[in-house]
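Chemist: sequence? don't have it. structure:
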């Protein structure tokens, strides 16, 4: 479902809710909430969704779905980094 939503978000307001359900603890939820607000300065400076640099869907994917994907894959990413450092130390 996450992959399908990233490919084509439909409604900005309602697209924010399902990714937040992926948070497993308060710290992950806080991370996702902070990331979701990162587009606000760009939105205000550009004068609205239709005038944002690149495309508004890019900002939705960058600030909602990328953090949700990182939260979802956090343990796998941590294990991969640990293995990388262990292999580099040998």
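Modeler: Great, that's in hand. Note that this is a predicted model, so its numbers are computed, not measured.
Chemist: angles on the backbone of residue 27, please.
Modeler: Phi and psi for residue 27, reported as degrees, to the nearest 10, are phi -70, psi -40.
Chemist: again but with residue 68, I slipped
Modeler: phi -60, psi -40.
Chemist: can you get me a residue count around it?
Modeler: 25 (other C-beta atoms under 10 Å). The way it works is simple: take the backbone N, C-alpha and C, and place the C-beta from them, glycine included.
Chemist: repeat for the one 4 residues further on
Modeler: Per other C-beta under 10 Å, the neighbour tally for residue 72 reads 16.
Chemist: find the nearest non-adjacent residue to it, please.
Modeler: Leaving aside its sequence neighbours, residue 72 sits nearest to residue 22 (C-beta to C-beta, 6 or more residues apart in numbering; 5.4 Å).
Chemist: how is that neighbour assigned, secondary-structure-wise?
Modeler: Under DSSP: H, G, I helix; E, B strand; the rest coil, the three-state class of residue 22 is coil.
Chemist: for it, give me phi and psi.
Modeler: Torsion angles, degrees, to the nearest 10, at residue 22: phi -80, psi -20.
Chemist: got a list of what it touches?
Modeler: Residue 22 makes contacts with 2, 28, 32, 68, 71, 72, as judged by C-beta atoms under 8 Å, 6 or more residues apart in numbering.
Chemist: for the fifth one, grab the count of nearby residues.
Modeler: Pointing back at residue 71 there. 21.
Chemist: distance check, it against residue 78.
Modeler: Per C-beta to C-beta, to the nearest Å, residue 71 is found 12 Å from residue 78.
Chemist: next: residue 59.
Modeler: From residue 59 to residue 78 the distance is 27 Å (C-beta to C-beta).
Chemist: mind checking which of the two has more residues around it?
Modeler: Ranked by neighbour count (other C-beta under 10 Å), residue 59 and residue 78 place residue 59 first, with 20 against 10.
Chemist: would you confirm that the more buried one contacts residue 41?
Modeler: No. Using C-beta atoms under 8 Å, residue 59 is not in contact with residue 41; the gap is 11.0 Å.
Chemist: helices of the protein, start to end?
Modeler: In the chain, the helices defined using DSSP state H lie at 2-7, 12-15, 17-20, 26-36, 39-46, 56-60, 66-72, 74-89.
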